[in-house]
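*Asks:* Prediction below, plus the sequence it came from.
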Amino acid sequence: MSVHSVSGSEHVVLLHGLARSAASMEKMAKALVAAGYTVDNRDYQSRTASVEALAESAFPAAMSTAAAKRSERIHFVTHSMGGILVRAWFGKHRLSRLGRVVMLAPPNGGSEVVDHLRDWKLFNLVNGPAGQELGTDPGAIVHRLGPVAFDLGVIAGDRTINWINSWFMIPGDDDGKVSVERTKVDGMGDHVVIHATHPFMPANREAIELTIRFLNTGSFDAGGR
């Protein structure tokens, strides 16, 4: 975990994706600091527990850091499974100072890749218990969590470097891990598709610019709401 401090009242918590680390969000963190935000780029052991257990582990520490900074508003920017942690946490908890949330390539409707590979030992070794939960079946956690009740913008990608996944497992446009359609969730305020791949979206210049725009205005449109 690294906290990038500036003199501002707006705090952003970054949550990386499955089998990644805070390093994957560092370019985003630096851009947010340059835009005037205090940033908590949080590491968590994504392969060790279920989605709900990971959320219950990561969020109290993030809230404590934000409280120490006396932030007026707390925003969240997530990549991939990090967005599902946010949905799991705020499905049970409330935060009066909650600002806006931006999810990059979230499997809000699950991923067909999990459907195809969840029985493979190597998949389980790499992705752990939480990875098992991110399928598209009706009982999957992404469907049990229901609509979001916070100000959410979703950025999806339509480029891939995972050709086998894209050609044989995922229907429609996708980023190699998640289809554009399955990034959507009921209750979201805005949704945009960019030419980016799943693993590299947090460092994508357009994704970073759109993230800052949504945090500032509540819209991906340059004109705002």
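*Replies:* Looks like it arrived, so ask away. Bear in mind that the values here come from a model prediction, so they are computed numbers and not experimental data. Numbering: from 1, shown residues only.

*Asks:* For Gly135, see how far away the residue positioned nearest the centre of the chain is.
*Replies:* The structure's the chain has its C-alpha centroid closest to Thr78; by Cα atoms, centre = their mean the separation is 2.7 Å. Between Thr78 and Gly135 the distance is 19 Å, computed by Cβ to Cβ, to the nearest Å. C-beta here means a position set from N, CA and C on the backbone, and glycine is covered the same way.

*Asks:* Mind checking what secondary structure the residue nearest to the centre of the chain has?
*Replies:* At Thr78 the chain is in strand, as set by DSSP: H, G, I helix; E, B strand; the rest coil.

*Asks:* Skipping its backbone neighbours, what lies nearest it in space?
*Replies:* Leu15 (4.5 Å; Cβ to Cβ, 6 or more residues apart in numbering).

*Asks:* can you check Arg70 too?
*Replies:* Using Cβ to Cβ, 6+ apart and skipping residues adjacent in sequence, the residue nearest Arg70 is Ser9, 7.9 Å away.

*Asks:* Pull the contacting residues for that neighbour.
*Replies:* With contact set as Cβ atoms under 8 Å, 6 or more residues apart in numbering, Ser9 has these partners: 70-73.

*Asks:* can you check Tyr44 too?
*Replies:* Here Tyr44 is in contact with 15-16, 54, 57-58, 85 (criterion: Cβ under 8 Å, 6+ apart).

*Asks:* contacting residues for Gly135?
*Replies:* Contacts of Gly135 (Cβ under 8 Å, 6+ apart): 110-111, 114-115, 118.

*Asks:* With Ile84 instead?
*Replies:* Residues in contact with Ile84 (Cβ under 8 Å, 6+ apart) are 51, 106-108, 134, 141-142, 145.
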